[in-house]
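Quick one, what's the 3D model for this:
(chains A, B and C)
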Amino acid sequence: MSDSNTSYKKRGKDYPIKGGLRTLPGKYYHSQEIYGEELEKIFYQKWMLAGRGEEIPEAGDYKLFDIEDESVIITRTKSGDIAANFNVCRHRGTRMCVEAKGHFESENIQCPYHAWTYGLDGKLIASPMMQSLESFDKEAHHLHQANVHEWGGFIFVNLAQDPISFEDQMGTLIEKFKDWKLSELKIAHTIKYELECNWKLILQNYQECYHCPGVHPLLSKLTPFQSAIHDCNKGAVMGGYMKLEPGVKSMTMDGEPAGTPVCDVQGDDMRRVYYYSVFPNMLLTPHPDFVLFHHIMPRGNGAITNTCHWLYHPDVMADPDHKERLQSAVEFWDLTNKEDWAVCEQMQQGTKSRRFTRGTYSGQEDMLYALDQELLRVLGHKSPE
Amino acid sequence: MSDSNTSYKKRGKDYPIKGGLRTLPGKYYHSQEIYGEELEKIFYQKWMLAGRGEEIPEAGDYKLFDIEDESVIITRTKSGDIAANFNVCRHRGTRMCVEAKGHFESENIQCPYHAWTYGLDGKLIASPMMQSLESFDKEAHHLHQANVHEWGGFIFVNLAQDPISFEDQMGTLIEKFKDWKLSELKIAHTIKYELECNWKLILQNYQECYHCPGVHPLLSKLTPFQSAIHDCNKGAVMGGYMKLEPGVKSMTMDGEPAGTPVCDVQGDDMRRVYYYSVFPNMLLTPHPDFVLFHHIMPRGNGAITNTCHWLYHPDVMADPDHKERLQSAVEFWDLTNKEDWAVCEQMQQGTKSRRFTRGTYSGQEDMLYALDQELLRVLGHKSPE
Amino acid sequence: MSDSNTSYKKRGKDYPIKGGLRTLPGKYYHSQEIYGEELEKIFYQKWMLAGRGEEIPEAGDYKLFDIEDESVIITRTKSGDIAANFNVCRHRGTRMCVEAKGHFESENIQCPYHAWTYGLDGKLIASPMMQSLESFDKEAHHLHQANVHEWGGFIFVNLAQDPISFEDQMGTLIEKFKDWKLSELKIAHTIKYELECNWKLILQNYQECYHCPGVHPLLSKLTPFQSAIHDCNKGAVMGGYMKLEPGVKSMTMDGEPAGTPVCDVQGDDMRRVYYYSVFPNMLLTPHPDFVLFHHIMPRGNGAITNTCHWLYHPDVMADPDHKERLQSAVEFWDLTNKEDWAVCEQMQQGTKSRRFTRGTYSGQEDMLYALDQELLRVLGHKSPE
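Numbers count the residues shown, from 1 in each chain, chains lettered A, B, ... in the order given. Here you go, the predicted model:
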């Protein structure tokens, strides 16, 4: 068992179901001003999922991590480490790289405008004719560094000048899925979705299964919504698991396995699908036989790009029947995703109404209330009356 | 005669032609702030045209009435009445219906997200698992009602919580066109126009024929602009009529009839084309042999959707030559409409100039000045110096 | 020699190369508020390039000059002069002309809405039914005039009510290129570019060749960047020249001439390419054998339309080999332009970053610092700390 440090609780059994909880007011999904605050206090302060290390395997490989006005160049350095630097030349501010990913043939980063040149680690190497200027301080013109951290094969970036500790943000999640050996897994499939809704509606949608019977008939057959159990001991990371119905092996179109078990997964974990949201932009869904994750990037306050990846162990990907089983898992989650996106987009529309003040959570949505409270805490807002 | 309670006046005969009247400043067509005020004080307070009852003939039929952030579901209930409710689930605010019109097979309105279910009248019927919560007050979770009124077969909606009386808004118009038996008429043809101009420019365009000689050569042959006569006793509803030239029977490409007379229309009404604007979003144009109306919906402060409908009595629509005569009326008004839209769009552009302060009305445009005054009154603005 | 009144200076020879100069903060390229100030204090106050006289050769010809909310009708009058009037009917503000250029067949300007009619010079000729109004003052209803000036065949427009003198704005440039007989030249080719960057980045790009070795390999072969020499005695007009390499005759793909010398050009001017920016919207580049100019129009604070024209004397355009030589000059500058646009657009992106505070100019970019100072002076802003 991978979660000895977690105490799961079941609604109505371990604690009474609570009524009377209210949703946030609509402005939290529509106000340009609140979105601006979220950028400052959340997206520019927290560790954000930025991709997988496998995307930049070789020294000189890079990928960009772009959020609103910011762009960060994530590179594999010669030592094999990962570096992250703002995509802003220190000469006059030019964005140096424009392709989403690529390789620096010259093993350095050169600004196309005036040829200032930086190492893969961001240190200024050359700045034509500047050295002759008495006043030029080369050390003061290295690229602005962003913070970067690799965990379980995931790359996280933090844009703050004085970042919080990665471990503090991730809490118990760090050790939780050791049996899956996340860092050994590779991307087997990717689908990119463009949605017209606020980023928080996707996190909320992920944290309740009250909608499952109506929205997800197939998912509800594989994992009944009453099976949900959860822990919620760190506000920024929350989740739990649902139980596979007897005879069901995984979340696929036919309930049959999506592959052989992931690495050391065994025991109870073979009967569970875990759902963890890492505030603000990652949804991590370990299954017995693969790992799903969603990478959420806001585009303004009413739209997101949500990229969904299926992770497998390379050995399993070599199985002759891998393609077929992967296909069944992809089809299942693509179907389920689209069922979710439609209602999230409709919620975005409806909550704009002047008649929507606040909604009323059901007893199944206490984790959404907890998410709201975490949001208010981070923004430094008082709870609405 | 249908207008015994109206006292028509002719410029230059019943009252002197006035000079020196000035238009509104350009900001009334371009300011986002004034448009916001108009939404609050006009569109969200007045009765707005929302369609025709014939669009939802059967119990369970619905159409949406959408304006900016608001969406209202207009349904035919089992009793045959019309109900209007905000398209906002009381659980968490989801917009429940997205299709412009349709039919509720189940004879209720169900939110697609968590399956909360309302009657066609908006009363909450079912809310899964909520009833068990001590604190849940079902009566407090019916859909928010909008006000609805049917007149002459037209559906009007009012979004205010404490709406003004429909009769007060419509004034003498209520009894004016009894001979046309408006409620018996059906839509014979519809054209939807998307225009890039402020909604008020269309009302203004409709209330003067000073532009007719230059803009509408054909219309001017059928009804000379000097024939205009008007009443203007209720600010929100204003209009009058123009006289058909001798030998001209209706507003068609050839001046021949567009059909047999509408219901009980006879006498003087056989020689007149009436033009009434119902502030803020309806233009009603009864002819001897058909009724034209424009349904105006603002889309921001610089654009509108203007939907034009031709109404006939079903008996006339059964005439063998109906199609041909309808076609001539459609062609005539489509031509005339497009002539108007072009100049309205050009006025929208020109009035943005910093050099446009205010214009100078001709003596033929006193009704536009009255419209301006009504606007200022409703907004609570002082007349510009 | 055409520049007896100019004292050219060479960096590092006539004055020491300066270090420590900083760029403007990023808000000068991105703030909507600062752009609004620029419109008021620069674009609506300065003389702006509006085209060439040859575009409206005959009486009754017109072209529009549009900038943001303003539109000006530039006409050739019967006397052969050029008139400029706001494209705003004095009746109710309608934009009268919508085509970018054309001809007034009737030799007057008529509003399409209510047929008010103005002479080509903007004087009100007819306003139907207004004359009978006692209060109507015809003299007060002429079109609002814009200021217009022709120089060297270029049309300049000034939208201010009390404009600065054209001569003050142009300074020594007025007499500088007499040998080219600019007013006799004609447009031989035009390319219109739509760019996603602030208008000032194009002026800055034009005033330094520090970027040339990396960005323009071909241009750098024809005119080495160290050859740049400049005068800068009027803030609003600045520039200088670069020297053609021995054996190079002009800026073409092969360095061969682009035509025979322009009019009286001879001596030193045969070995130079001049580069002058006229703040805010003209770049003038006289070569020995043709004249290039860029016409810059802002579209919001992050985009411009930049139209590039190649001018030749009509006699040269009659040469049998003109097409081929023109083609080589067009190809060369189209290549060079696109090299510039890419880096300007990337600078626009990068300077949005919260980590971009201010950049550090190289010693080669002192003219950009002078441009910044002129901007601050005109806006009435203090130098950043």
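
what does chain A put close to chain C?
A:44, A:69-71, A:86-96, A:98, A:112-115, A:127-130, A:132-136, A:141, A:144 (C-beta under 8 Å from any C-beta of the partner chain). Where C-beta positions appear, they are placed from N, C-alpha and C, glycine not excepted.

Give me the subset of those residues lying in strands.
Of the residues of chain A next to chain C, the ones assigned to strands by DSSP state E are A:70-71, A:86.

Number of residues surrounding the closest residue in space to A:A329 that isn't next to it in sequence?
Setting aside the residues directly before and after it, A:A329 is nearest to A:A258 in space (C-beta to C-beta, 6 or more residues apart in numbering or on different chains), at 3.9 Å. A:A258 is flanked by 29 other residues according to other C-beta atoms under 10 Å in any protein chain shown.

before we move on, the earlier item: ranking by neighbours, what's the top pick from the ones in strands among the residues of chain A next to chain C?
A:F86 (23 neighbours).

From chain B, how far off is the residue nearest the centre of chain A?
Nearest to the mean C-alpha position of chain A, by C-alpha atoms, centre = their mean, lies A:M282 at 1.7 Å. Separation of A:M282 from chain B (C-beta to the nearest C-beta, to the nearest Å): 23 Å.

so that residue touches A:H294, yeah?
Yes. Judged on C-beta atoms under 8 Å, A:M282 makes contact with A:H294 at a distance of 7.1 Å.

shouldn't A:D269 be in contact with A:P288?
Yes. Taking C-beta under 8 Å as the definition, A:D269 is a contact partner of A:P288 at 6.2 Å.

tell me, what's touching those two both at once?
The overlap between the contact sets of A:D269 and A:P288 (C-beta atoms under 8 Å, 6 or more residues apart in numbering or on different chains) is empty.

and the nearest residue to A:S227 once chain neighbours are set aside, how many neighbours?
With sequence-adjacent residues excluded and distances taken as C-beta to C-beta, 6+ apart, A:S227 is closest to A:K243, at 4.0 Å. The local packing of A:K243 (other C-beta under 10 Å) involves 17 other residues.

ok, A:K243 touching A:F225?
No. Assessed by C-beta under 8 Å, A:K243 is found out of contact with A:F225, at 10.7 Å.

just the residues of the stretch 151-300 of chain A that are near chain B, which are they?
A:210-211, A:213-215.

List the contacts of the residue in the stretch 1-150 of chain A positioned nearest to chain B.
For the stretch 1-150 of chain A and chain B, the shortest gap (C-beta to the nearest C-beta) falls at A:G19, measuring 3.2 Å. Counting by C-beta under 8 Å, 6+ apart, A:G19 makes contact with A:363, B:130, B:133-136.

Which of those has the largest number of neighbours?
In terms of neighbour count, B:M130 stands highest of the contacts of A:G19 at 22 neighbours, by other C-beta under 10 Å.

What separation do you get for the residue nearest to A:G80 when sequence neighbours are not counted and A:P217?
Nearest residue to A:G80 in three dimensions, chain neighbours excluded: A:A59, at 7.1 Å (C-beta to C-beta, 6+ apart). When distance is defined by C-beta to C-beta, to the nearest Å, A:A59 is 49 Å away from A:P217.

Please say which of the two ends up with more neighbours.
Using other C-beta under 10 Å as the criterion, A:A59 and A:P217 rank with A:A59 on top: 16 against 10.
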